[in-house]
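Asker: give me coordinates for this.
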Amino acid sequence: MLKSASTLVRSFLPRAQAIRLCSSTTATSSEDEPVVLENNPYTKAPRKCLLCSTGVELDYKNARLLQQFVSTFSGRVYDRHITGLCDEQQKKLIEAIAKSRRAGFMPIFVKDPKYARDPKLFDPLKPIRPHSFA
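Answerer: I've put the predicted structure just below:
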């Protein structure tokens, strides 16, 4: 025959403690209140910018780094939702690429072939936010 949990507890405790156990559970209603958490456990961790997290400074003379953010086929700079950069770093990147192109360190319409085999910092075919021109 199965006994309930409270019956088992009462059978092992002395009579005085069993009475206190029952009276304490009915007297305190704070245990029945919902638990209030300080932060939401289901929130995702904020995404860190690649350049901010590593501390890399953009320089117009570093064409190898700047070429990572330029499309191989069209020579266009990838957008924020593809590169994963923050707004501030994306603006600095566009300025550095424009300055590098004016100075002659980078080609304007295509990506330099000698940098084609460099490791990828991000995958343009798997953007953070979907886009129609993939």
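Asker: Ala96: what's it in contact with?
Answerer: Contacts for Ala96 were tallied using Cβ atoms under 8 Å, 6 or more residues apart in numbering; they are Leu58, Asp59, Tyr60, Leu66. The C-beta positions use only the backbone N, C-alpha and C, and glycine is treated the same way.
Asker: how near is the last one to Ala116?
Answerer: I take that to be Leu66. The spacing between Leu66 and Ala116, counted by Cβ to Cβ, to the nearest Å, is 14 Å.
Asker: that older thread, write the ChimeraX selection for whichever of the contacts of Ala96 are buried.
Answerer: Selection command for ChimeraX covering only the buried members of these, criterion 16 or more other Cβ atoms under 10 Å:
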select :58,60,66
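Asker: out of the contacts of Ala96, who's nearest Leu50?
Answerer: The nearest member of those to Leu50, counting by Cβ to Cβ, is Leu58 at 11.3 Å.
Asker: doesn't that closest one lie inside a strand?
Answerer: No. Per DSSP: H, G, I helix; E, B strand; the rest coil, Leu58 lies outside any strand segment and is coil.
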